[in-house]
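A.B. asks: Take this sequence and fold it.
(one chain, ligands or ions: 1)
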Amino acid sequence: MRTIIVGTRQSALALTQTGQAVELLKQLAQEHGIECQFEIRKIVTKGDRILDVTLSKVGGKGLFVKEIEQALTDGEIDIAVHSMKDMPFELPEGLVVGAIPQREDARDALITRGYSSLEELPQGALVGTSSLRRASQLQHLRPDLRIESVRGNIDSRLRKLDEENFDAIMLAAAGLHRIGWQDRISAYLPPEQCLPAVGQGALCIECRGDDTFVLDLLSKFQHEPTALAVRAERAFLGRLNGGCQVPLGAYASVNEDSSGGAALLTLTGMVGTPDGATMLKETASGNDPEALGLLVADKLIAQGAERILAEVRE
Ligand SMILES: NCc1[nH]cc(CCC(=O)O)c1CC(=O)O
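C.D. replies: Reported below is the predicted structural model:
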């Protein structure tokens, strides 16, 4: 019987979402009469060892992913469960996305010290986030807020809200839901207020392209509407070269009933300055996810998105 080794980082979120994915894979294997067992292997990445350094200075979020991918390539592990939003645009040779399962909540969440909405935060409140995308959109809505960087895993960021001077911090709702900390959420920010990161809330199950046994199993885990939405968002990301940490967001929604001739996908993308003074946003609909991603990106480029991104990257 095949033993499938699943690699994971050691953060609370990574361990939890890998465990949850493995439970679902076990069920799917059983339902489809695929005989296999699973083993979870923990991997310490460079990104985890230098969590206190600003991520963008040391190679971006791709850092977490790279060492796990090396273990896949080397055959040390057979499957890796990643947060889609941490995935660089291109995969290393020989590796493929075996499945994109159903998306969790894609929204960002506000975790506050006693306030129940963004509007309720007092003038000049201190908000912790190290995401330029979140900072840009927050400052656009509330120029009075003071933004300060807060790094670390979800658990250490929540601890910093409790122990340091922050009035609020921002995190992805999906991560908090997965680890069972949804009670900490004070408010959800709808995509109209704050566009999530590309792929936020979705998972990427990666494997070797020649591992037909694993590919067959993973194909049962694929959620087609999520995959379509993520493809559109990632095409947008690729066009704008958004691989590193830049103030860029996108969200694609899927029209589950396009029988009346309505388009399958609607994609909104944004690029803003880190201070939120300039906020470019475009929406379009279409049936071809890649074409839609490029279309929305091109609309933003026509408004000067590349100039903003170039300045941020400097
Ligand atoms: N950048 C880190 C990261 N990568 C994935 C998630 C969890 C949410 C998700 O799966 O999209 C988080 C934490 C956060 O942004 O709050």
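A.B. asks: Helix or strand with the lowest mean pLDDT in this structure?
C.D. replies: Lowest by mean pLDDT, DSSP states H and E among the helices and strands of the chain is helix 46-49, with a mean of 68.
A.B. asks: what about residue 288, neighbour count?
C.D. replies: Other residues near residue 288 number 16, with proximity taken as other CB atoms under 10 Å. C-beta here means a position set from N, CA and C on the backbone, and glycine is covered the same way.
A.B. asks: quick one: residue 202 from the ligand, how far?
C.D. replies: Using CB to the nearest ligand atom, to the nearest Å, one obtains 7 Å as the distance from residue 202 to the ligand.
A.B. asks: Report how many residues lie close to that residue.
C.D. replies: Neighbours around residue 202, by other CB under 10 Å: 25.
A.B. asks: mind listing what the residue nearest to it when sequence neighbours are not counted touches?
C.D. replies: Nearest residue to residue 202, sequence neighbours excluded (CB to CB, 6 or more residues apart in numbering): residue 84, at 4.0 Å. By CB atoms under 8 Å, 6 or more residues apart in numbering, residue 84 lies in contact with 100, 198-204, 230.
A.B. asks: and with 7 Å instead?
C.D. replies: 199, 202-204, 230 (CB atoms under 7 Å, 6 or more residues apart in numbering).
A.B. asks: still on that earlier bit, starting from the least confident helix or strand of the chain, tell me the next helix or strand along the chain.
C.D. replies: helix 62-73 (DSSP states H and E).
A.B. asks: Report the beta-bridge partners for the residue in the stretch 1-150 of the chain that the ligand sits nearest to.
C.D. replies: Taking CB to the nearest ligand atom, the ligand has its nearest neighbour within the stretch 1-150 of the chain at residue 83, 3.4 Å off. Judged by DSSP bridges, the bridge partners of residue 83 are residue 203.
A.B. asks: burial count for it?
C.D. replies: By other CB under 10 Å, neighbour count at residue 83 equals 25.
A.B. asks: going forward, begin numbering at 296 instead of 1
C.D. replies: With the count now opening at 296, the last piece we talked about shows up as residue 378.
A.B. asks: From start to finish, how long is stretch 461-479 in a straight line?
C.D. replies: One end of stretch 461-479 to the other measures 15 Å (CA to CA, to the nearest Å).
A.B. asks: buried ones in that stretch?
C.D. replies: Neighbour-count burial for stretch 461-479 flags 461-471, 473-474, 476, 479 (criterion: 16 or more other CB atoms under 10 Å).
A.B. asks: Where do the domain boundaries of this protein fall?
C.D. replies: Following automatic domain parsing, the chain resolves into domains at 297-396+497-517, 403-484, 524-608.
A.B. asks: Taking the buried residues of stretch 461-479 together, which two end up most distant?
C.D. replies: 462 and 473 (25.2 Å; CB to CB).
A.B. asks: hey, where'd the helices end up in the protein?
C.D. replies: Applying DSSP state H to the chain gives helices spanning 307-326, 341-344, 357-368, 427-436, 449-458, 468-473, 507-514, 519-534, 584-597, 600-608.
A.B. asks: wait, what's in contact with residue 405?
C.D. replies: Here residue 405 is in contact with 413, 463, 465, 481-482, 484 (criterion: CB under 7 Å, 6+ apart).
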